[in-house]
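# Return a 3D structure for these sequence lines:
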Amino acid sequence: MGLRTSVIARLVVMGIILMGLLIPLSMVQSVVSERTARRDSVASDVSSTWGGSQTVAGPVLVVPYQCTVTDHDGKIRMVTGRATFLPESLNVQGSLAWQIRGRTFFKTVVYSAHLVVTGRFSPPDLSAVTRGDVQPLWKESVVSLGVSDPRGIAKRVALDWPGGDHPFEPGIVDNGLMASGLHAPVDLTALSGSKTAIPFSLTLDLNGSPALRVLPVGNDTTVRLSSSWPHPGFIGAPLPQSRSVDTTGFTAQWDVPYFGRGFSRAWTDAGLDREKVKTQAETAAFGVSLVQPVDIYQQAERAVKYAVMFIVLTFVVFFLFEVVRARLLHPVQYVFVGFALCVFYLLLVSLSEHIGFDVAYAAAAVATTALIASYSMFVLGGLLEGGLVGTAVAAVYGFLYLLLRLEDYALLAGSVGLFATLSVVMLLTRKVNWYDLRLGTADQSATK
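Reported below is the predicted structural model:
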């Protein structure tokens, strides 16, 4: 029994063709990966000039002190340390103005945040964090504000503090929470004996992309963020207590106590485990990310993952014509159809960069379906056959689009769809005598 009439032989050849089509599919996957890497590179370049993902920590109050210690040789010497105090309350009110930036087809969303930070410090008490006789250096005290990417600071920042404004300067006093930011020298001499809380406020204009986080350094931290961007992604362990999201933008508010943040209200740098504090700070930070809901490269990558399954489904349609309608096809014709199915994904990626994913998908699917349907009309010998194949291919692309859109239910939809396809194939071939079947000769029992 030769290749022309043997079912097993033709199935083996179809399997070999399918394996061969993995080569162009891998090339398409490489194109998608290359474009994705290019997109990420552009996003990184934009972040390097505009500002990256931002985390704001503080402000915190750092008070230097001197004390005497006895070393191992019994000698007494003077050492200097620093005590860090977190605010009693912290309130952050912010608005994010967004824009799309990038090069050619590769875009990323960036923001300009206007943050108004207010709060108060309790009078610093060094006896709560130090032992023995210490001498506070009130005149050398510093208020530090952590900013993860200081390149994004758009305007000069000044600290509104009792006694007047104090301009911030670049750099940060190492307190374990943040490695970069700003600091403002303050003189606490006049406030050292007071029992009154120390209020503060500042305004921070900050550029970044695509996320903004706030570290809950206050014993009570309240954060309210708003923007006209309609696709926020809320990030961090504490989700907002209240939020409103619609087509006009979002508003979200967090009210966070200090119990779950992992670090204490005050500490000294003596014996401070900076890596531990840094890890705790990263875990406690929360905020919002401006998410781009439709990424053409992610969608294209997901589509390519389904390619083998849909090539198999299309081959099954042609094989049914061979079995049921006695239309004998050459393996080369299967190869042409397979290549057309592979080119669909390349069309999808290239068109998406110009006209958007949905329109590009429709255009590529229509073009591929029309090509395969017209080709089938000639190789299967009739307008009806071409129309049936076109309908089947259009249904396959409609099914693929459904899977791409139903992210959470894609597995369920795919399983049901494959089960339905298998049921149809089994129904159409239920009376085929596979032992006596000779391809190219109509099996009348299969159509009765």
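
# CA only for contacts and neighbour counts going forward, please
OK.

# Now do the helices in the stretch 301-448 of the chain.
For the stretch 301-448 of the chain, applying DSSP state H, counting those that start in this stretch gives helices covering 307-324, 331-355, 357-379, 383-405, 410-428.

# Let's test this: mean pLDDT of the last one, rounded?
Mean pLDDT, computed over helix 410-428, is 78.

# That one: which residues count as buried?
For helix 410-428, a neighbour-count test (16 or more other C-alpha atoms under 10 Å) marks 413-414 as buried.

# could I get that helix in CSV with only the CA atoms?
The C-alpha coordinates for helix 410-428 follow below in CSV (Å, rounded to 0.1, in the frame of the first residue of the first chain):
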residue,chain,number,x,y,z
ALA,A,410,-8.3,30.3,28.3
LEU,A,411,-7.6,26.7,29.6
LEU,A,412,-11.3,26.0,30.1
ALA,A,413,-12.2,27.4,26.7
GLY,A,414,-9.4,25.6,25.0
SER,A,415,-10.3,22.3,26.6
VAL,A,416,-14.0,22.6,25.6
GLY,A,417,-13.1,23.7,22.1
LEU,A,418,-10.7,20.7,21.6
PHE,A,419,-13.3,18.3,23.0
ALA,A,420,-15.9,19.7,20.6
THR,A,421,-13.5,19.4,17.6
LEU,A,422,-12.7,15.8,18.5
SER,A,423,-16.4,15.1,18.8
VAL,A,424,-17.1,16.4,15.3
VAL,A,425,-14.2,14.5,13.8
MET,A,426,-15.3,11.2,15.5
LEU,A,427,-18.9,11.9,14.3
LEU,A,428,-17.9,12.4,10.7
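
# Figure out how far that helix is from the centre of its chain.
Helix 410-428 sits 32 Å away from the centroid of its parent chain (C-alpha atoms, centre = their mean, to the nearest Å).

# do the third one as well
Using C-alpha atoms, centre = their mean, the distance from the centre of helix 357-379 to the centre of the chain it belongs to is 32 Å.

# follow-up on the earlier one: can I get the helices of the stretch 301-448 of the chain in a markdown table with distance to Q99?
Shown next, in a markdown table, are these (distance: least, C-alpha to C-alpha, whole Å):
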| stretch | distance to Q99 |
| --- | --- |
| helix 307-324 | 35 |
| helix 331-355 | 19 |
| helix 357-379 | 21 |
| helix 383-405 | 26 |
| helix 410-428 | 32 |
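
# of all these, which lies closest to T221?
For T221, the closest of the helices of the stretch 301-448 of the chain is helix 383-405, at 38.4 Å, according to C-alpha to C-alpha.

# And the contacts of that closest one?
299, 302-303, 306, 310, 313-314, 317-318, 365-366, 369-370, 372-378, 380, 409-411, 413-414, 417 (C-alpha atoms under 8 Å, 6 or more residues apart in numbering).

# still on that earlier bit, right, so of the helices of the stretch 301-448 of the chain, which gets closest to V256?
Comparing those under C-alpha to C-alpha, the one sitting nearest is helix 383-405, at 35.7 Å.

# gap between the closest one and the chain center?
32 Å.

# For the remainder of this discussion, apply numbering that starts at 10.
Right, with 10 as the first residue, what we last looked at is helix 392-414.

# picking up where we left off before, mind checking which of the contacts of helix 392-414 are buried?
308, 312, 319, 322-323, 326-327, 374-375, 378-379, 381-386, 389, 422-423.

# first vs last residue of stretch 166-181, how far apart are they?
Using C-alpha to C-alpha, to the nearest Å, the end-to-end distance of stretch 166-181 comes out at 14 Å.

# Can you list the buried residues in that stretch?
Buried residues in stretch 166-181 (16+ other C-alpha under 10 Å): 166-170, 174-177, 180-181.

# Using a markdown table, please lay out these together with pLDDT.
Below are the buried residues of stretch 166-181 laid out as a markdown table (pLDDT from 0 to 100):
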| residue | pLDDT |
| --- | --- |
| V166 | 91 |
| A167 | 92 |
| L168 | 92 |
| D169 | 93 |
| W170 | 91 |
| D174 | 90 |
| H175 | 91 |
| P176 | 93 |
| F177 | 92 |
| G180 | 89 |
| I181 | 87 |
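
# Can you flag which of those belong to strands?
167-170, 174-176 (DSSP state E).

# chain center to stretch 157-173, what's the gap?
Put simply, stretch 157-173 sits 30 Å off its chain's centre (C-alpha atoms, centre = their mean).

# contacts for it?
If you take C-alpha under 8 Å, 6+ apart as the criterion, stretch 157-173 is touched by 58-65, 174-177, 187-190, 193, 207-217.

# Can I have the buried ones of the residues you listed as a PyMOL selection?
Buried residues within the contacts of stretch 157-173, by 16+ other C-alpha under 10 Å, are selected in PyMOL with:
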select buried, resi 59+60+61+62+63+64+65+174+175+176+177+187+189+190+193+207+208+209+210+211+212+213+214+215+216+217
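
# residues touching L322, list them.
Contacts of L322 (C-alpha under 8 Å, 6+ apart): V405.

# Now do it against P219, distance only.
Here the criterion is C-alpha to C-alpha. By it, L322 lies 40 Å from P219.

# Over to V313?
Distance, V313 to P219, using C-alpha to C-alpha: 27 Å.

# How about V41?
Distance from V41 to P219, counting by C-alpha to C-alpha: 23 Å.

# Let me know the helix or strand that the nearest residue to G67 once chain neighbours are set aside is in.
Excluding the flanking residues, the one nearest G67 by C-alpha to C-alpha, 6 or more residues apart in numbering is L154, at 4.9 Å. Assigned by DSSP states H and E, L154 belongs to strand 151-156.

# Against which helices or strands is that strand packed?
strand 63-79, strand 190-194 (3 or more C-alpha pairs under 8 Å, 6 or more residues apart in numbering; DSSP states H and E).
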